[in-house]
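Participant: this one's structure only:
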Ligand SMILES: NC(=O)c1ccc[n+]([C@@H]2O[C@H](COP(=O)([O-])OP(=O)(O)OC[C@H]3O[C@@H](n4cnc5c(N)ncnc54)[C@H](O)[C@@H]3O)[C@@H](O)[C@H]2O)c1
């Protein structure tokens, strides 16, 4: 982020040296930065995609975004929409993807139907968006000679292998159609590097959470859902006995992993898969207790039957990402939880007002 400030300060100085102005219009900043890289974010209106868009804009990069609003929301981009080249399009539309990839240096591919239960209900739809969609993105990126594609892979690829922590050399053992689709896309990433030389990096996200994660559906991530329910005084349900654990990863860590995956030398990362997590795990019971303190919820939790396709424990080994991408955990679980709950509090107030 400091680099952005430096660049902006630099552009201001030069413009002042010419003795021309006191404030810097957007178009001058865009002109001055025209040699900055151009990024395409697929799924730009989603939780992680919209966070990537903001981080890229803060660095002064040029951003194009596409989304079909199947789960994403225009409001996620509200104050930055005018600063990006946004296109409402489906990654299943190859022509739209060819147009979206034209002139792009890096693709951050986030678009997907990101839900285990939805994939169990409708595996065909999951496969279309999460596999066919990815192949379209790759074909378009290859044809446009994009420098690198960074893919939002998933820890669900590990499935219920009992060994912890999960490391990238383990044989994947996906359970749900969603996990199979995410793994298939990862393999396509590797294949496009091997067959066409398109540089690809897959980041296996472990339970990413933070502001703008959609809390509104039963398919939402557990932290988003619980935060909103508890702020409203509604009783949350834990599926299982609550000893299920997750490596909850605050959004800033995932954003930084993407930026590092674009910048790392090809010899370190091209055609490879990396865990993106914190290497700490928290049970759902502990999560409920932590949220109780932050939300002021006075009630208890309800326990329900386990859900098909869910895995019991999840914890990442992050040494490969540290070694090859220079990845570091920037924000731990507790420090990420506070701004997250604050954001849901503001959302709840806005809805009430
Ligand atoms: N959030 C997590 O914990 C997590 C964990 C592992 C992997 N991932 C992956 O990260 C990515 C982003 O997830 P998220 O949590 O931000 O979910 P999200 O639902 O907020 O974002 C996904 C975005 O993709 C868009 N999209 C879906 N299908 C599309 C299509 N066919 N064409 C264009 N846009 C489409 C949606 O409208 C949405 O904006 C997904 O690929 C997901 O599988 C997320």
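Facilitator: Arrived safely. This one's a predicted model, so the numbers in the text were calculated from it and none came from an experiment. Numbers count the residues shown, from 1 in each chain.
Participant: can you tell me the element the residue nearest to residue 337 when sequence neighbours are not counted falls in?
Facilitator: Spatial nearest neighbour of residue 337, chain neighbours left out: residue 290 (5.9 Å); criterion: C-beta to C-beta, 6 or more residues apart in numbering. All C-beta spots, glycine's among them, are computed from the backbone N, C-alpha and C. Counting by DSSP states H and E, the element that carries residue 290 is helix 284-295.
Participant: downstream neighbour of that helix in the secondary structure list?
Facilitator: Using DSSP H and E, the helix or strand that directly follows helix 284-295 along the chain is strand 302-304.
Participant: list of residues touching that following strand?
Facilitator: Strand 302-304 is contacted from outside by 235-242, using C-beta atoms under 8 Å, 6 or more residues apart in numbering.
Participant: tell me the strands beside it, with direction?
Facilitator: The pairing partners recorded for strand 302-304 under DSSP bridges are strand 237-239 (parallel).
Participant: how about the residue nearest the centre of the chain, what does it touch?
Facilitator: Among the residues of the chain, residue 48 comes closest to the average C-alpha position under C-alpha atoms, centre = their mean, at 3.3 Å. Contact analysis of residue 48 by C-beta under 8 Å, 6+ apart lists 110, 152, 205, 208, 251, 254-255.
Participant: in stretch 264-272, which residues are buried?
Facilitator: Applying a neighbour-count criterion of 16 or more other C-beta atoms under 10 Å, one finds 264, 269-272 buried in stretch 264-272.
Participant: pull the distance from it to the chain's centre.
Facilitator: Between the centre of stretch 264-272 and the centre of its chain there are 20 Å (C-alpha atoms, centre = their mean, to the nearest Å).
Participant: I figured the residue nearest to residue 337 hits residue 336, correct?
Facilitator: No. Between residue 290 and residue 336 there is no contact under C-beta atoms under 8 Å: 10.7 Å.
Participant: the more surrounded of those two?
Facilitator: More crowded of residue 290 and residue 336, by other C-beta atoms under 10 Å: residue 336, with 23 against 19.
Participant: show me the contacts for the more buried one.
Facilitator: Taking C-beta under 8 Å, 6+ apart, we find residue 336 in contact with 209-210, 248, 250-252.
Participant: out of these, who's the most crowded?
Facilitator: Neighbour tally across the contacts of residue 336 (other C-beta under 10 Å): the maximum, 27 neighbours, falls on residue 248.
Participant: how near is that residue to residue 318?
Facilitator: From residue 248 across to residue 318, the span is 14 Å (C-beta to C-beta, to the nearest Å).
Participant: do residue 177 as well
Facilitator: According to C-beta to C-beta, residue 177 and residue 318 sit 27 Å apart.
Participant: ok, now residue 138?
Facilitator: Noted for residue 138: a distance of 26 Å to residue 318, by C-beta to C-beta.
Participant: please apply the same query to residue 345.
Facilitator: Distance of residue 345 to residue 318, computed by C-beta to C-beta: 31 Å.
Participant: more neighbours: which of those two?
Facilitator: Between residue 345 and residue 318, counted using other C-beta under 10 Å, the more crowded position is residue 318 (25 against 16).
Participant: so the more buried one sits against residue 280, correct?
Facilitator: No. In this structure residue 318 lies outside contact range of residue 280 using C-beta under 8 Å: 10.0 Å.
Participant: ok, whichever residue of the stretch 251-353 of the chain sits closest to the ligand - how many residues close by?
Facilitator: Residue of the stretch 251-353 of the chain nearest the ligand, by C-beta to the nearest ligand atom: residue 254 (8.0 Å). Neighbourhood size, residue 254 [other C-beta under 10 Å]: 24.
Participant: what helix or strand is it located in?
Facilitator: Per DSSP H and E: helix 251-263 holds residue 254.
Participant: that helix packs against which elements?
Facilitator: Applying 3 or more C-beta pairs under 8 Å, 6 or more residues apart in numbering; DSSP states H and E, one finds that helix 251-263 contacts helix 47-58, strand 106-109, strand 148-154, strand 199-205, strand 208-209, strand 272-276, helix 319-325.
Participant: could you list the low-pLDDT ranges of this protein?
Facilitator: Where the chain drops to pLDDT under 70, the residues are 1-35, 217-219, 309, 351-353.
Participant: how about the residues of the stretch 1-150 of the chain by the ligand?
Facilitator: Within the stretch 1-150 of the chain, the positions lying close to the ligand (C-beta under 6 Å from any ligand atom) are 43, 45-49, 66-72, 90-92, 110-114, 129, 133.
Participant: I figured residue 256 hits residue 327, correct?
Facilitator: Yes. Taking C-beta under 8 Å as the definition, residue 256 is a contact partner of residue 327 at 7.1 Å.
Participant: of the two, which one has the most company?
Facilitator: More neighbours surround residue 327 than the other of residue 256 and residue 327, with 23 against 19 (other C-beta under 10 Å).
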